[in-house]
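Student: just need the structure, nothing else, for what follows:
(one chain, ligands or ions: 2)
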Amino acid sequence: MRVWAIANQKGGVGKTTTTLALGRGLAMRGARVLLVDLDPHASLTRAFGVPPEPAPAGVLELFNEPPAELASLARDTGIPGLQHVAAQTALATLERRSATQPGLGLALSNALARCGDGYDYVLFDCPPTLGLLMVNALAAADHLIIPTQTEPLALHGLEGMCRTADMIERSRRRPLPVSVLPTMYDRRTRTGAETLREMQRQHGPRVWDDAIPTDTRLCNVAALTSTAPAEQYPGRGLSAYRRALEWILATEAAVLARTEAA
Ligand SMILES: Nc1ncnc2c1ncn2[C@@H]1O[C@H](COP(=O)(O)OP(=O)(O)OP(=O)(O)O)[C@@H](O)[C@H]1O
Ligand SMILES: [Mg+2]
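Tutor: Ligands and ions are numbered 1, 2, ... in the order given. As a prediction, this is how the structure comes out:
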């Protein structure tokens, strides 16, 4: 099982869109995939048609004593091979609980350790805040994917996220490979092209040498959650996500080969 955290401390950079597009892509390739919505705003959960009220069973139950099992919270999405775990608004209260309840930082790692071999990939859609939920996801992840808008201010967010990844790597004493996915790229603007170059200059091969373009068709959640074949939803955005998935899988294969050789 491979665990990917899709995270950026900055909001609105395409984390949820990326989680959906990559998860759908993996399932279409025949993998068993679980998407876990860690954001109290529950965008991913809503994308799959689960309303916020009454509160669905979901991620919060993984923090109970005793905790629920991940597989018992998984819901079918209608897409073969793709399941998801819902987020609840009350996830926002977890930060307060963590002050008095030790050990919550490893709740997701523990849930994964108990869940056996039921999934090939687990993808965490993180909230845009560096709190208990993001730390949990990073502690459990084999790979951190950072969607980053191609605009100058996003470079600061990316730097912050890379520092956080370094910190997590040091504390858990296990490598956390990072892949940066430039998003919402508008090649007609000079700012977009310059920011992309600067991102690549600052972060080297961690950055994809391509980018997800701005494509309003990606705002159509039906395209990302539909069981229809990909050809029914053509578009530059989705085809860029297919290329991005190939790159991420190739990056993973290279990391695994290096680890095995070491
Ligand atoms: N490549 C794209 N082109 C056009 N619109 C996009 C693209 N990617 C995402 N969007 C839109 O931008 C908005 C923010 O995207 P998304 O919700 O995926 O970001 P997020 O990082 O998960 O946000 P949050 O931090 O609020 O969780 C959404 O309305 C989404 O449909
Ligand atoms: Mg989101």
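
Student: so what sits opposite the residue in the stretch 101-250 of the chain positioned nearest to ligand 2 in the bridge?
Tutor: Nearest to ligand 2 in the stretch 101-250 of the chain, going by C-beta to the ion, is D125, at a distance of 5.9 Å. Heads up, the C-betas are built off the backbone N, CA and C, glycines and all. With DSSP bridges as the criterion, D125 is bridged to I6, D37.

Student: for it, grab the count of nearby residues.
Tutor: 27 (other C-beta atoms under 10 Å).

Student: check contacts around it.
Tutor: For D125, the contact set (C-beta atoms under 8 Å, 6 or more residues apart in numbering) comprises 6, 15-16, 19, 35-39, 43-44.

Student: next one: phi and psi at S179?
Tutor: phi -120, psi 130 (degrees, to the nearest 10).

Student: which strand residues bridge it?
Tutor: On the basis of DSSP bridges, S179 is bridged to I145.

Student: hmm, A141 and it touching each other?
Tutor: No - judged on C-beta atoms under 8 Å, S179 makes no contact with A141 at a distance of 11.3 Å.

Student: neighbour count for these two, which is higher?
Tutor: Counted by other C-beta under 10 Å, S179 and A141 do not tie: A141 has more neighbours, with 29 against 21.

Student: for the more buried one, which non-adjacent residue is spatially closest?
Tutor: Once flanking residues are discounted, A141 sits nearest to A5: 3.9 Å by C-beta to C-beta, 6 or more residues apart in numbering.

Student: list the residues that contact that neighbour.
Tutor: Applying C-beta under 8 Å, 6+ apart, we find A5 in contact with 123-124, 126, 134, 137-138, 140-141, 143-145.

Student: quick one: the helices in the stretch 101-250 of the chain, in order.
Tutor: Secondary structure of the stretch 101-250 of the chain (DSSP state H, counting those that start in this stretch): helices at 107-114, 132-140, 154-172, 190-203, 221-225, 236-261.

Student: nearest to K10, of these?
Tutor: Among the helices of the stretch 101-250 of the chain, the nearest to K10 by C-beta to C-beta is helix 154-172 (3.5 Å).

Student: relative to helix 190-203, how tilted is the closest one?
Tutor: Helix 154-172 runs at 30 degrees relative to helix 190-203, counting by axes from the mean of the first three to the mean of the last three C-alpha atoms, to 10 degrees.

Student: contacts for helix 154-172, please.
Tutor: The set of residues external to helix 154-172 that reach it, using C-beta under 8 Å, 6+ apart, is 7-10, 13, 130, 134-135, 138-139, 144, 146, 148, 175-176, 178, 180, 195, 198-199, 202-203.
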